[in-house]
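Asker: Quick one, fold the following:
(one chain, ligands or ions: 4)
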Amino acid sequence: MQGMYDLHVHTTASDGTFAPRQLVEYAKERGLAGIGITDHDTTDGIEEAIVTGHKLGIEIIPGVEINTEFEGKEVHVLGYYFDRNADSLQTLFATLRSERTRRMERILAKLTSLDIEIRADEVLQEAGAGAIGRPHVARVLIRKGIARDMREAFDRFLGRDGAAYVERYKLHPADAIRQILQAGGVPILAHPGLVGKDALIEEMIPAGLMGIEVAHPDHPPALRESYAYLANRLHLIATGGSDFHGSGAEHRGDLGSVTVDQSVIRQLKEKSGVF
Ligand code: AMP
Ligand code: FE
Ligand code: FE
Ligand code: ZN
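Answerer: Ligands and ions are numbered 1, 2, ... in the order given. Sure thing, here's the model as predicted:
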């Protein structure tokens, strides 16, 4: 995998199970040239990744994944090469993280009404210092034998049709895009195949969308081809990554299972106002 980059990766700073240092070591083992750190609503994992990356010769592409909502659909916006010290962006992340904690508490209340007792401190312990997400609740459910695996935890309880589903904080994708742009970053629509509304891609271009994640484990080959074609037609950057969440997250690919080459990194840097 010489010269290849995996641009969509989660660490313990959000819902991944690998600490940033471990992740970079694993990237080295997998023969990657670099990885994009795209934790949910936080940049806390990036510094440690950069330090380890320097030591091991792995390039770290700083990023984030912001979960938004549009017409009842979950829309994830990736941002790359923004200014991590931008106040407006960090304020947004802080709001989103505290809303994550509130959502978790509401999920636990719903579980209680189903006679499933999970304490907030158990989930907080699972999340460590990371931004809390549904996978942390899922891991507690699995540990307690209430769900067999992630899939069952989401199908029965945490997913949109689950019995303990709670709506997320409403942020419009265009607002996430604008915030990333304001901080000098490059906004990319994550895994459009999971959104299920391709018209959104063109609709977000006036807001400043600069690319789409063409290659993702949940995009079958034919879909990647059609998104690659669309990206080309709309002059959007075509990115890709494995959405690696570490061990126990079998629903996504292994680190480096989806990659892009150096030309994508160059395009992202060119579009960035910071780099
Ligand atoms: P949250 O950020 O709390 O809304 O949780 C979303 C995260 O849950 C995603 O980033 C995935 O890591 C994970 N996830 C979402 N759907 C599923 C699923 N069906 N099975 C396993 N994990 C999922
Ligand atoms: Fe996640
Ligand atoms: Fe995502
Ligand atoms: Zn992701």
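Asker: Any buried residues in the longest helix seen in the chain, and which?
Answerer: Longest helix of the chain, by residue count under DSSP state H: helix 87-113. Of all the residues in helix 87-113, those buried under the rule 16 or more other C-beta atoms under 10 Å are 89, 92-93, 96-97, 99-100, 103-104, 107-108, 110-111. The C-beta positions use only the backbone N, C-alpha and C, and glycine is treated the same way.
Asker: What is that helix packed up against?
Answerer: Counting contacts by 3 or more C-beta pairs under 8 Å, 6 or more residues apart in numbering; DSSP states H and E, the secondary-structure elements packed against helix 87-113 are strand 59-70, helix 120-127, helix 134-143, helix 173-182.
Asker: Name the residues of the first one that come out as buried.
Answerer: Just to be clear, that refers to strand 59-70. Of the residues in strand 59-70, those with enough neighbours to count as buried (16+ other C-beta under 10 Å) are 59, 60, 61, 62, 63, 64, 65, 66, 67, 68, 70.
Asker: Which ones among those residues also lie next to ligand 4?
Answerer: Applying C-beta under 5 Å from the ion, the subset of those adjacent to ligand 4 comprises residue 65.
Asker: would a markdown table of the buried residues of strand 59-70 with pLDDT be doable?
Answerer: Listed next are the buried residues of strand 59-70 as a markdown table, based on pLDDT from 0 to 100:
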| residue | pLDDT |
| --- | --- |
| 59 | 98 |
| 60 | 98 |
| 61 | 98 |
| 62 | 98 |
| 63 | 98 |
| 64 | 98 |
| 65 | 98 |
| 66 | 98 |
| 67 | 94 |
| 68 | 96 |
| 70 | 92 |
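Asker: Residue 164: which of the buried residues of strand 59-70 is nearest?
Answerer: Using C-beta to C-beta, residue 67 is the member of the buried residues of strand 59-70 that lies nearest residue 164, at 17.8 Å.
Asker: what's the spacing between the spatially most central residue of the chain and ligand 3?
Answerer: For the chain, the residue sitting closest to the mean C-alpha position, by C-alpha atoms, centre = their mean, is residue 65 at 4.1 Å. In this structure, residue 65 and ligand 3 are 5 Å apart, going by C-beta to the ion, to the nearest Å.
Asker: Now do the same contact list for residue 97.
Answerer: Contacts of residue 97 were listed using C-beta atoms under 8 Å, 6 or more residues apart in numbering, and they are 41, 42, 131, 132.
Asker: State the number of residues packed around the closest residue to the second one other than its chain neighbours.
Answerer: With sequence-adjacent residues excluded and distances taken as C-beta to C-beta, 6 or more residues apart in numbering, residue 42 is closest to residue 131, at 4.6 Å. Applying other C-beta atoms under 10 Å, we find 23 residues neighbouring residue 131.
Asker: Please identify the helix or strand for residue 131.
Answerer: Using DSSP states H and E, residue 131 falls within no helix or strand.
Asker: Could you shift the numbering so residue one becomes 37, and keep it that way?
Answerer: That works, and once the first residue is 37, the last one we named lands at residue 167.
Asker: show me where the stretch 187-311 of the chain has helices.
Answerer: With helices called from DSSP state H, counting those that start in this stretch, the stretch 187-311 of the chain shows them at 209-218, 228-231, 235-240, 257-269, 298-307.
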